[in-house]
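[1] Provided below for reference: sequence and predicted model.
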Amino acid sequence: MGSIKVQKLSKAFGVHVVFHDVSFELRRGERLGLIGANGAGKSTLLKCLMGEEEYDSGAFVLSEGESVGYLQQDITYADTITLGDVITEAWQDVRHLEQNLKAAEKQMQAEPDNEALMDRYARLQERFEWLGGFSYESMSHKIVQGLGFSEADWSRPVQSFSGGQKTRINLARALVRRPDYLFLDEPTNHLDMDMLEWLEGYLLSYGGGILIVSHDRYFLDRVATGILEMSHGTITKYKGNYTRYIKQSRERREALERAYNKQQEHIKETEEYIRKYKAGIKSKQARGRQSQLNRLERIELAPEDATLHFHFAPAEGCGEKVLVLDDICGGYGDKELFSHLSLLLRRGEAASLIGPNGTGKTTLLRMIMGEKEPDHGHITLGSRVHIGYFSQEHTELKGNWTLVEEMMNEFSYSEDEARNVLGRFLFQGDDVFKTVSNLSGGEQARLALLKLFLQGPNFLILDEPTNHLDIPTREILEQALLDFGGTYLVVSHDRYFLDKITSRTLVLEAKQLHEYLGNYTYYREKEREAEELAAQKAAEQGETVTAASKAEAAKKEAEPQRHTPPAKKAQSYGTTRQLEKIEMKISELEATAKMYEFQLNQPENQTDPERAMELTALYERTQAELEAAYEKWEELSEAE
């Protein structure tokens, strides 16, 4: 079974040790989530593995001929580079392999009995098939389309896309090559929920090894087969997804604490014995115990990672009706994003607002905040409602102020008071004199949360509050919201976060607002139930149509045969177009089936029952789709 091995890797910047003695193995079929607090060294580790940073000692072992795809958080492109250029460049190795295959074919024609040449050709073909060589163009288009891009976007310069779209282009660049291993640094950033589910499905069907840096716990629960926890410069590996890691990590910490406390008691008792008898009749025994103590391997209990501690002040009372939307229409310029929205949000409710990117969620929040007027309708806030707003762009922060100035100017604090309150949010020492514009995304989010906490609101409007926050800070924010007692409306793509803190889901899609009285998982269950019901009805209708068709066919068979005039040219052309489409679909499905056949034949998958079952299910589903496509093709061929 192929694997990547990281052996005792260490890296330091000057006197600051980022990580030391990092060792782990990533096997084919494994999907490891790399987690840890912001600044723990996760991205630095990936850069060291990809050769973008030099590590100080240790080894990174990658088998010859194996490749790694890498999603970075930030990549810059030349102004003239288009989306199509980025994707085409990603397939350079496959096109080179295709040329080698053609060259080998010509050699085989000249030397048909050359076994070494035949073996080389077989290896090249196997490699070409594994990399998706038989369907790389259609595969590329599917991946790019799955990430929300249209055919027209292929010719657009990368620099013309938004920041979120650029992240998705970088993701497509890493995925389309189908390398042996994938290193993904925050792959879920800027993806809406439909795209997140598409990405999860893609990675679950991926046959190589994957190393994922992510703070998205829901994503890690769905995708990860193991977790690498980075803390205090070292890595600890756990089996299973994020939820299983939480349980194992807690149990490991508790066991370590018990062993540490027991050893400390033993050390204390031994030292007491030595002090008591080192000069007396039992001095020989005391010296023996001292030797034992000197040889004792001490258990090290790493300190807990520093985390911020905060809670919102008890929410002040307000009217029962906190927010009323009455027949709201709005958008930008001539583009209408939503129409005739109505909503009542009551005191104490915890609601989420979700929907695909571009549907107008942030625009609607800006209207509630009074920053933008609706084109039609009215927005009313209840009596004594005090709004606290968290903007995903952090527009409430002053970029040219230092952190101390932000606190002193906004809340009339003295410098000492400002430094004390900043310290509670992990801004300490000279960090408090940094300008806001020089802070990282996570630091800006923490500062914005601090300001929100100090304002004492009773109605919170939060636009992507978990962006750039590490998992420990997300958990603290969750608990603070659960203890809040006021009303809040949250826009977020963090499904784990929404599951924990909301009890009402508002879905903005196709210009309309749909309501579900539960959290995100409840909403998805209802969606699946609706989809299954629709599919069942469609199947029942299909059976009725089929039965009616059979009866009609029997009736026609009993009737005298009549001459049937030829179909109109327009009908023939339409059928031809349908045939072309279904033939393309058949080609794609055949390539997909070949890929699963290849993966099922790999020794590492045959010895892994769980992976074998997963691949078998995917293969059977593809074969069923292929049979349906062939039936449709035969039906259209007869019609033609």
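    All right, it came through fine.

[2] can we go C-alpha only for contacts and neighbour counts from here?
    Fine.

[3] what's next to stretch 121-134, contact-wise?
    Applying Cα atoms under 8 Å, 6 or more residues apart in numbering, the contact partners of stretch 121-134 are 94-95, 97-98, 100-101, 104-105, 139, 177-179, 591, 595, 598.

[4] quick one: that stretch to chain centroid distance?
    Here stretch 121-134 is found 29 Å from its chain centre; the criterion is Cα atoms, centre = their mean, to the nearest Å.

[5] returning to what we had before: just the buried subset of the contacts of stretch 121-134, please.
    94-95, 97-98, 101, 104-105, 139, 177-179, 591, 595 (16 or more other Cα atoms under 10 Å).

[6] SS state for the one residue sitting closest to the centre of the chain?
    Taking Cα atoms, centre = their mean as the criterion, T188 is the residue nearest the geometric centre of the chain, at 3.1 Å. Following DSSP: H, G, I helix; E, B strand; the rest coil, we place T188 in the coil state.

[7] can I get stretch 208-216 in CSV, CA atoms only?
    Extracted as CSV, the C-alpha positions of stretch 208-216 are listed here (Å, rounded to 0.1, in the frame of the first residue of the first chain):
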residue,chain,number,x,y,z
GLY,A,208,-5.8,8.7,-2.9
GLY,A,209,-4.6,10.0,0.4
ILE,A,210,-5.8,13.4,1.7
LEU,A,211,-4.4,15.8,4.3
ILE,A,212,-6.8,18.5,5.2
VAL,A,213,-6.2,21.6,7.3
SER,A,214,-9.7,22.7,8.4
HIS,A,215,-11.7,24.3,11.2
ASP,A,216,-15.0,23.0,9.7
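
[8] for that stretch, buried residues please.
    Quick answer for stretch 208-216 (16+ other Cα under 10 Å): G208, G209, I210, L211, I212, V213, S214, H215, D216.

[9] and those residues as CSV, adding secondary structure and pLDDT?
    Below are those laid out as CSV (DSSP: H, G, I helix; E, B strand; the rest coil; pLDDT from 0 to 100):
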residue, secondary structure, pLDDT
G208, coil, 90
G209, strand, 94
I210, strand, 95
L211, strand, 96
I212, strand, 96
V213, strand, 94
S214, coil, 94
H215, coil, 93
D216, coil, 94
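
[10] same list (these) but as TSV, adding distance to I379.
    Shown next, in TSV, are those (distance: Cα to Cα, whole Å):
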residue	distance to I379
G208	51
G209	51
I210	47
L211	46
I212	43
V213	41
S214	38
H215	35
D216	34
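
[11] which one of those residues is nearest E30?
    G209 (4.9 Å; Cα to Cα).

[12] what bridges to that closest one?
    Bridge pairing for G209 (DSSP bridges) gives the partners Y181.

[13] skipping its backbone neighbours, what lies nearest the residue nearest to the centre of the chain in space?
    Counting by Cα to Cα, 6 or more residues apart in numbering, T188 lies nearest to L196, which is 6.6 Å off, once chain neighbours are set aside.

[14] I figured the one you found was touching N189, is that so?
    No. L196 is beyond contact range of N189, at 9.4 Å (criterion: Cα atoms under 8 Å).

[15] from the contacts of stretch 121-134, which land in strands?
    Counting by DSSP state E, the contacts of stretch 121-134 place none of their members in strands.

[16] how far away is the residue lying closest to H386 once chain neighbours are set aside from L481?
    Leaving aside its sequence neighbours, H386 sits nearest to P457 (Cα to Cα, 6+ apart; 5.1 Å). Remark: distance between P457 and L481 (Cα to Cα, to the nearest Å) = 12 Å.

[17] same thing with N357?
    N357 is 25 Å from L481, by Cα to Cα.

[18] domain parsing for this structure?
    Annotated domains of the chain cover 3-246, 321-386+457-525, 568-640 [automatic domain parsing].

[19] those: which one's closest to N294?
    Across the domains of the chain, closest to N294 is domain 3-246 (Cα to Cα), at 25.0 Å.

[20] and the helices in the stretch 51-200 of the chain, which stretches?
    83-90, 92-110, 115-130, 136-146, 163-175, 193-204 (DSSP state H, counting those that start in this stretch).

[21] in JSON lines, list those along with distance to M408 and mean pLDDT.
    Shown next, in JSON lines, are the helices of the stretch 51-200 of the chain (distance: least, Cα to Cα, whole Å; pLDDT from 0 to 100):
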{"stretch": "helix 83-90", "distance to M408": "46", "mean pLDDT": "88"}
{"stretch": "helix 92-110", "distance to M408": "56", "mean pLDDT": "83"}
{"stretch": "helix 115-130", "distance to M408": "60", "mean pLDDT": "83"}
{"stretch": "helix 136-146", "distance to M408": "47", "mean pLDDT": "84"}
{"stretch": "helix 163-175", "distance to M408": "33", "mean pLDDT": "82"}
{"stretch": "helix 193-204", "distance to M408": "39", "mean pLDDT": "88"}
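
[22] tell me which of those sits nearest to E417.
    helix 163-175 (37.0 Å).

[23] now do the buried residues in that closest one.
    For helix 163-175, by 16+ other Cα under 10 Å, it's Q165, K166, T167, R168, I169, N170, L171, A172, R173, A174, L175.

[24] what helices or strands is that helix leaning on?
    Using 3 or more Cα pairs under 8 Å, 6 or more residues apart in numbering; DSSP states H and E, the elements in contact with helix 163-175 are strand 68-71, helix 83-90, helix 136-146.

[25] most tightly packed of those?
    strand 68-71 (a mean of 21; mean count of other Cα atoms under 10 Å).

[26] sheet partners, orientation included, of that one?
    According to DSSP bridges, strand 68-71 has these partners: strand 181-185 (parallel).

[27] which strand or helix spans T380?
    Taking DSSP states H and E as the criterion, T380 maps to strand 376-381.

[28] CA atoms of the helix or strand just after that strand as PDB?
    Next along the chain after strand 376-381, taking DSSP H and E as the criterion, comes strand 387-390. Output in PDB follows, covering the C-alpha atoms of strand 387-390 (Å, rounded to 0.1, in the frame of the first residue of the first chain):
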ATOM      1  CA  ILE A 387     -28.700  45.600  17.800                       C
ATOM      2  CA  GLY A 388     -25.100  44.300  17.900                       C
ATOM      3  CA  TYR A 389     -23.800  43.700  14.300                       C
ATOM      4  CA  PHE A 390     -20.900  41.500  13.300                       C
END
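
[29] identify each buried residue in strand 387-390, please.
    For strand 387-390, by 16+ other Cα under 10 Å, it's I387, G388, Y389, F390.

[30] do the same with stretch 361-380
    Counting neighbours by 16+ other Cα under 10 Å, the buried set in stretch 361-380 is 361-369, 373-374, 377-379.

[31] of those residues, which is the nearest to Y523?
    K361 (17.6 Å).

[32] put the alpha carbons of stretch 8-18 into PDB.
    C-alpha atoms of stretch 8-18 as PDB (Å, rounded to 0.1, in the frame of the first residue of the first chain):
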ATOM      1  CA  LYS A   8      10.800  13.700  12.900                       C
ATOM      2  CA  LEU A   9      10.200  16.900  11.000                       C
ATOM      3  CA  SER A  10      11.300  20.100  12.800                       C
ATOM      4  CA  LYS A  11      11.000  23.800  11.900                       C
ATOM      5  CA  ALA A  12      11.900  27.000  13.700                       C
ATOM      6  CA  PHE A  13      12.000  30.700  12.800                       C
ATOM      7  CA  GLY A  14      15.000  32.000  14.800                       C
ATOM      8  CA  VAL A  15      14.400  31.100  18.500                       C
ATOM      9  CA  HIS A  16      10.700  30.400  17.900                       C
ATOM     10  CA  VAL A  17      10.200  26.600  17.400                       C
ATOM     11  CA  VAL A  18       7.100  26.100  15.200                       C
END
